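[1] Pasted the sequence and its predicted model underneath.
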Amino acid sequence: MLVEAETALDELESLIQRINRTNAATPLGEGTITDAIARRDVLRLRHGVLTAAADAAAGRNQGGYGRQLRSELRYLSALPVAELRSRADRVAGEIRLVDVEIQRTNWETDLLD
């Protein structure tokens with residue numbers, strides 16, 4: 001079994017290398033698939049930051065602050081929650097568009113050796 005695992009891992013390494021070469025060489029928009037993947041990854045991080053900021057500003061996940069009931073506390077948001085959620089929605093739309101373009105291009109592209 002160990003020999004089979006080593007063989008499978010070698011094949012996986014080769015496949016990953018081929019995918020990376022293909023992504024780096026395949027044009028997509030003004031860059032390559034690799035550029036689009038980086039863009040998508042950063043958009044996902046940006047979406048997470050915006051969502052977390054909106055949640056924090058709205059007073060979500062504020063448990064563990066003494067024994068007061070939520071109804072006893074008044075939250076004043078330091079950030080514009082609606083604007084943050086709107087921006088997060090726009091970023092989510094961008095993520096979907098980039099992802100669709102990556103998937104479309106992947107279907108149309110042959111894997112390099």
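    Nice, I can see it. Residues are numbered from 1 along each chain as shown.
[2] For Ala92, list the residues it contacts.
    Neighbouring residues of Ala92 by Cβ atoms under 8 Å, 6 or more residues apart in numbering: His47. Quick note: C-beta positions are derived from backbone N, CA and C, even for glycine.
[3] try Met1
    Counted by Cβ under 8 Å, 6+ apart, Met1 has zero contacts.
[4] what about stretch 31-42, average pLDDT?
    Averaged over stretch 31-42, pLDDT sits at 98.
[5] Flag every buried residue along that stretch.
    For stretch 31-42, burial by neighbour count (16 or more other Cβ atoms under 10 Å) applies to 32-34, 36, 39-40.
[6] try stretch 98-113
    Using 16+ other Cβ under 10 Å as the test for burial, stretch 98-113 gives 98, 101-102, 105.
[7] Just give me the longest helix of the protein.
    helix 81-108 (DSSP state H).
[8] any idea of the mean pLDDT for it?
    So the average pLDDT for helix 81-108 ends up being 97.
[9] Tell me which of the buried residues of stretch 31-42 fall in strands.
    Under the assignment DSSP state E, those contribute Thr32 to strands.
[10] thought Ala24 was touching Gly31?
    No: Ala24 is beyond contact range of Gly31, at 10.1 Å (criterion: Cβ atoms under 8 Å).
[11] Now list whatever residues contact both of these two.
    Going by Cβ under 8 Å, 6+ apart, no residue sits against Ala24 while also sitting against Gly31.
[12] State the distance from the residue sitting nearest the centre point of the chain to Ala5.
    The centre of the chain sits closest to Arg44, judged by Cα atoms, centre = their mean, with a distance of 2.8 Å. According to Cβ to Cβ, to the nearest Å, Arg44 stands 32 Å off from Ala5.
[13] now the helices: where do they sit in the chain?
    Going by DSSP H, the chain shows helices at 2-25, 33-57, 81-108.
[14] Out of these, indicate the one that is most buried.
    helix 33-57 (a mean of 16; mean count of other Cβ atoms under 10 Å).
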